[in-house]
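In: Below are the sequence and a predicted model; questions follow.
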Amino acid sequence: MTELHAGTLPDPHTCEQARLSRDARFDGLFFTAVTSTRIYCRPVCPAPTPKPSNIRYYASAAAAEAAGFRPCLRCRPELAPGNRAWQRGDHVVARALKLIENGELAEQSLDQLAARVGVGARQLRRVFVERLGAPPLSVYTTRRLLFAKQLLTETTMPVTEVALASGFRSLRRFNAAFLQANRIPPRELRRHPDVAAGGALVLRLGYRPPYDFEALLAFLRGRALPGVEQVDEHGYARVFGPADAPGWLRLGAWPGQHALKLELHCPQPARMLGVVTALRRMFDLDADPQVIADALGASRTLKPMLRRRPGLRLPGGWDGFEIAVRAVLGQQVSVAAARTLATRIVHRYGEALPAPVAPGLERLFPTPAALAEADLREAGVTTARAATIRGIAQALLDGRVDFRADRPLDEFVARWVALPGIGEWTAHYMAMRALSHPDAFPAADLILRRAAAGGGEALSTRALETMAEAWRPWRAYAVMHLWRSTADNAATIAPSTEKRKQ
């Protein structure tokens, strides 16, 4: 008889139907383990259907591996989208998972991680096992090993570099951990990889359908900064630092698959997992569109928008400081005007690379240290906004504000609005773009208030906030649907009407 194990799982009937139909909407939301083979699979696995009596369902890959199952070589669990359901809200597990995803356990102990989220290490282990079916260290290790498995399968990287890229500092420890999890040494897993011309690594980044990649690109295209990034109708490209060893990437559609194609040039293997993690957040690849649609579809205002754009996602940003600067520049001006000002700042204060890493990719966005004392009026920025940007840069350097992924939304907003020139709109916009927070809601936005009024007079900020209470915890997705409803091109979306604090 089919069994369900601890964690966030769909109901038994749903799991069974999703497995039998190989429904891609449930990919990554649970895993199917087979007791006769000791292998666990994605619900979309093309292998013959096992006997129901041999099936066990697990909420996470870590839970399946903790129970002694190894990943399938055919459906490859490392390609499954993540499950953001565990990271929703501000409870202990959600905050700890965000820290683990950002690599906190690479530098800190479990005791330190537990202290960051306000509990003891023993309690943190207990709640992880209850919710995810595996303790924090197992979750962290499984994540690294699945990434290593993808690199071994899809690239020609030497095993030593794969170990570094997946967060292991010792090749011996990597080999031992990989062998234990996969029952096969890393070197025996190598296949004929797909390698892009020019030596780029080519990786698949999976998502759950539907996924509106075109809409996301349209939003980013109107805001792209020349020299730093390029966006066309086919994909997104960007340069990233450090300047002495810069890398670059291009992300586009992967025809015929529920995945994006990442071409990655990264001279520092240890940074690869961080780059992939940032891209998954930036392009909202781990969202569950069905859950979001079910929650927002009860709204008469949003229901027709969800039908038109069922795969609309949150367009994140590459770097928090960059988003903060651009948010301030975008206060009460058009998207095009804000982009012009940001481009001037990049070319005046951003670090130029010794040589372009690719055509049109030649400069890094300025660091907080570079702008903390900069006279941005020379770039055409007003005196008040220049002071705000300098204040942001200094506050980041001082540690008064940050972009910690585990920071509760209300606390994040409160810290940022304490800075001169930062109001509720700017703080929520930063939370939506820099943190990809699903419940961020810049309610003062004029276009947002007009769109929510359904053609009538714009709602007041308070009225919109009251209406949006029913949209929690997905208010940021409601923002994107309301904005998209106002124009075919997201680049024409008007900025906020936030009044600046003096």
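Out: Yep, that arrived.

In: From the chain's centroid, how far away is whichever helix or strand Arg280 is part of?
Out: Using DSSP states H and E, Arg280 sits within helix 272-282. Relative to the chain's own centre, helix 272-282 is displaced by 7 Å; criterion: CA atoms, centre = their mean, to the nearest Å.

In: Packing partners of it?
Out: The contact analysis (3 or more CB pairs under 8 Å, 6 or more residues apart in numbering; DSSP states H and E) places helix 272-282 against helix 136-154, strand 201-206, strand 247-253, strand 259-265. (C-beta placed from N, C-alpha, C; glycine too.)

In: Point out the most buried one among the ones you listed.
Out: helix 136-154 (a mean of 23; mean count of other CB atoms under 10 Å).

In: Quick check: Arg280 touching Gly274?
Out: No - shown here, Arg280 and Gly274 do not form a contact pair, counting by CB atoms under 8 Å, at 10.8 Å.

In: Among the two, which residue is more densely surrounded?
Out: For the pair Arg280 and Gly274, the greater number of neighbours falls to Arg280 (21 against 18), based on other CB atoms under 10 Å.

In: what's the distance between the more buried one and Ala337?
Out: Separation of Arg280 from Ala337 (CB to CB, to the nearest Å) stands at 31 Å.

In: Next: Leu361.
Out: Leu361 is 24 Å from Ala337, by CB to CB.

In: element containing Leu179, please.
Out: Using DSSP H and E, Leu179 falls in helix 171-182.

In: returning to that earlier point: so which of the helices and strands packed on helix 272-282 gets nearest Phe213?
Out: For those, proximity to Phe213 was assessed by CB to CB; strand 247-253 is nearest, at 5.8 Å.

In: where's the strand or helix carrying Arg307 relative to the chain centroid, distance-wise?
Out: Per DSSP H and E: Arg307 is located in helix 303-308. Counting by CA atoms, centre = their mean, helix 303-308 is centred 24 Å from the centre of its parent chain.

In: How about stretch 226-236?
Out: Distance, stretch centre to chain centre, for stretch 226-236: 18 Å (CA atoms, centre = their mean).

In: got the CA positions of that stretch in PDB?
Out: Listed next in PDB are the C-alpha coordinates belonging to stretch 226-236 (Å, rounded to 0.1, in the frame of the first residue of the first chain):
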ATOM      1  CA  PRO A 226      23.900  48.700 -21.100                       C
ATOM      2  CA  GLY A 227      27.300  47.300 -20.400                       C
ATOM      3  CA  VAL A 228      26.000  45.200 -17.400                       C
ATOM      4  CA  GLU A 229      23.200  43.100 -18.900                       C
ATOM      5  CA  GLN A 230      21.500  42.500 -22.200                       C
ATOM      6  CA  VAL A 231      17.900  41.400 -22.700                       C
ATOM      7  CA  ASP A 232      16.200  40.500 -26.000                       C
ATOM      8  CA  GLU A 233      13.100  38.500 -26.900                       C
ATOM      9  CA  HIS A 234      15.100  35.300 -26.600                       C
ATOM     10  CA  GLY A 235      16.900  35.600 -23.300                       C
ATOM     11  CA  TYR A 236      18.900  37.400 -20.600                       C
END
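
In: contact partners of it?
Out: 214, 217, 220-221, 224, 237-239, 250-253, 283, 318, 343, 346-347, 350, 360-365 (CB atoms under 8 Å, 6 or more residues apart in numbering).

In: re earlier: what residues sit buried inside the helix holding Arg280?
Out: Across helix 272-282, burial judged by 16 or more other CB atoms under 10 Å covers Met272, Leu273, Gly274, Val275, Val276, Thr277, Ala278, Leu279, Arg280, Arg281, Met282.

In: And for the second one, nearest residue in space, chain neighbours not counted?
Out: Taking CB to CB, 6 or more residues apart in numbering as the measure, Leu273 lies nearest to Phe147, with 5.5 Å between them; neighbours along the chain are not counted.

In: Please name the residues that touch that neighbour.
Out: Glu78, Ala165, Ser166, Leu273, Val276.

In: that older thread, show residues contacting the helix holding Arg280.
Out: For helix 272-282, using CB under 8 Å, 6+ apart, the contacting residues are 82, 101-103, 144, 147, 151, 165-167, 201, 203, 205, 240, 247, 249, 251, 262, 264, 266, 285-286, 315-318, 436.

In: ok, now how distant is the closest residue to Glu65 other than its chain neighbours from Tyr58?
Out: The spatially closest residue to Glu65, leaving aside those adjacent along the chain, is Thr142, at 5.3 Å (CB to CB, 6+ apart). Computed as CB to CB, the Thr142 to Tyr58 distance reads 11 Å.

In: Kindly report the same for Ala387.
Out: In this structure, Ala387 lies at 53 Å from Tyr58, with CB to CB as the measure.

In: Does His481 belong to a helix, a strand or coil?
Out: Assigned with DSSP: H, G, I helix; E, B strand; the rest coil, His481 falls in the helix class.

In: Just the buried residues of the helix holding Leu179, please?
Out: Neighbour count says helix 171-182 has Phe174, Asn175, Ala177, Phe178, Ala181, Asn182 buried, by 16+ other CB under 10 Å.

In: Please apply the same query to stretch 94-110.
Out: 94-105, 110.

In: How far away from the center of its chain is that stretch?
Out: For stretch 94-110, the distance to the chain centre is 15 Å (CA atoms, centre = their mean).

In: Tell me which residues are up against it.
Out: So stretch 94-110 is contacted by 86-88, 112-114, 116-117, 121, 124-125, 128, 136-137, 139-140, 143, 167, 273-274, 277, 405-406, 408 (CB under 8 Å, 6+ apart).

In: need the helices for the stretch 351-500 of the chain, in chain order.
Out: Secondary structure of the stretch 351-500 of the chain (DSSP state H, counting those that start in this stretch): helices at 368-371, 383-398, 409-417, 424-434, 446-452, 461-468, 475-485.

In: Pro354: which of those is closest?
Out: helix 368-371 (17.6 Å).

In: Let me know the average pLDDT across that closest one.
Out: Regarding helix 368-371, the rounded mean pLDDT is 98.

In: For that helix, enumerate the helices and strands it packs against.
Out: helix 335-349, helix 383-398.
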